[in-house]
Structures are given as C-alpha cells and as structure tokens.
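> Below is the sequence, then the predicted model.
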Amino acid sequence: MRNVDYGLAWILLITAVMFILVMETTHPRGAILDIPFFWLVIAMMNFLRLRNNYATVKGLRTSCIGANLIGLTMEIGRLGLSGASVLRYWGPYTVIAAVAMLGELLFSIFQSNDSGSPGQ
C-alpha cells in the first residue's frame, strides 16, 4: 500500500507540472495558474507526510487531511460550477488530480502512525 501512496503523490505532482506546462505553452482561454499551484502544494504536503512520522511532526496528519479535503472539494466545486466545460477542456487533468487527492485523503486518514520512513 505504501507504493500506491507514493504513486498517487507522484501522479498528483506530475499532473500539476503537466497542467502548468500546457497552460504556459498554449495559453488557453479561461485557464488560471492557481489551481495547479495548489495541486503542487498538496503533493508536497503528501510527500512530507510520507517522509516523516506523525509523532515527530505535530499537526502533520491534520494538515494533510485538510489539504487533500480542500483540494478534492475545490475540484468537485469546479465541476459543479462549470458543468461539462471543465471535463471537455481540462478533463484528464482534473479527473486524475481529483482521484489522486481522494486516494491521498484516504491514506492520510487511515494510515497508521508509523510512516515507514527510511530513518525508522
């Protein structure tokens, strides 16, 4: 399960970078950079969670749960506000990021206290 957790964090990071590159090279109408930058922050929080033990970093579990929940809620809200246009234009990025955030949210909630970091 640890490899799946790392895989989802990497997928979220790579999706954010790809979304930024696509937006910077094609300059699509209505695209804003705050969404993929937020995905980058969420990916970094998840890598921090994977690398450190919950007991050594106070508030890490709550911060990761909050970041993943806010990101997932933001993607669901974007889908609800714009309807099918988000899926038509940004579908792959949005769906991949939302699935990765949902998986990371579940891992953040249900993972045990020991993170399995190399130092332990």
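Cool, got the structure.

> Please tell me how far Ala31 sits from Tyr93.
Between Ala31 and Tyr93 the distance, using Cβ to Cβ, to the nearest Å, works out to 10 Å. The way it works is simple: take the backbone N, C-alpha and C, and place the C-beta from them, glycine included.

> Looking at the two, which is more packed in?
Neighbours per residue, other Cβ atoms under 10 Å: of Ala31 and Tyr93, the larger number sits with Tyr93, 21 against 16.

> which residues touch that one?
By Cβ atoms under 8 Å, 6 or more residues apart in numbering, the residues touching Tyr93 are 15, 18-19, 22, 36.

> again, 10 Å this time
Contact analysis of Tyr93 by Cβ atoms under 10 Å, 6 or more residues apart in numbering lists 15-16, 18-20, 22-23, 35-36, 39, 75, 86.

> can you give me the strands for this protein?
Secondary structure of the chain (DSSP state E): no strands present.

> What are the buried residues along stretch 4-21?
With burial defined by 16 or more other Cβ atoms under 10 Å, the residues of stretch 4-21 counted as buried are 5, 8-9, 11-13, 15-16, 19-20.

> Quick one: mean pLDDT for it?
Computed over stretch 4-21, the mean pLDDT rounds to 94.

> now do stretch 92-108
For stretch 92-108, the per-residue pLDDT values average out at 90.

> Just the buried residues of it, please?
Those would be 93-94, 96-105, 107-108, for stretch 92-108 by 16+ other Cβ under 10 Å.

> residues in contact with the closest residue to Ile11 other than its chain neighbours?
With sequence-adjacent residues excluded and distances taken as Cβ to Cβ, 6 or more residues apart in numbering, Ile11 is closest to Ala100, at 4.8 Å. Counting by Cβ under 10 Å, 6+ apart, Ala100 touches 7-16, 39, 42-43, 46, 68, 71-72.

> now Ala100: how far from Trp10?
Distance, Ala100 to Trp10, by Cβ to Cβ: 9 Å.

> any common contacting residues for these two?
Common neighbours of Ala100 and Trp10 (Cβ under 10 Å, 6+ apart) are 43, 46.
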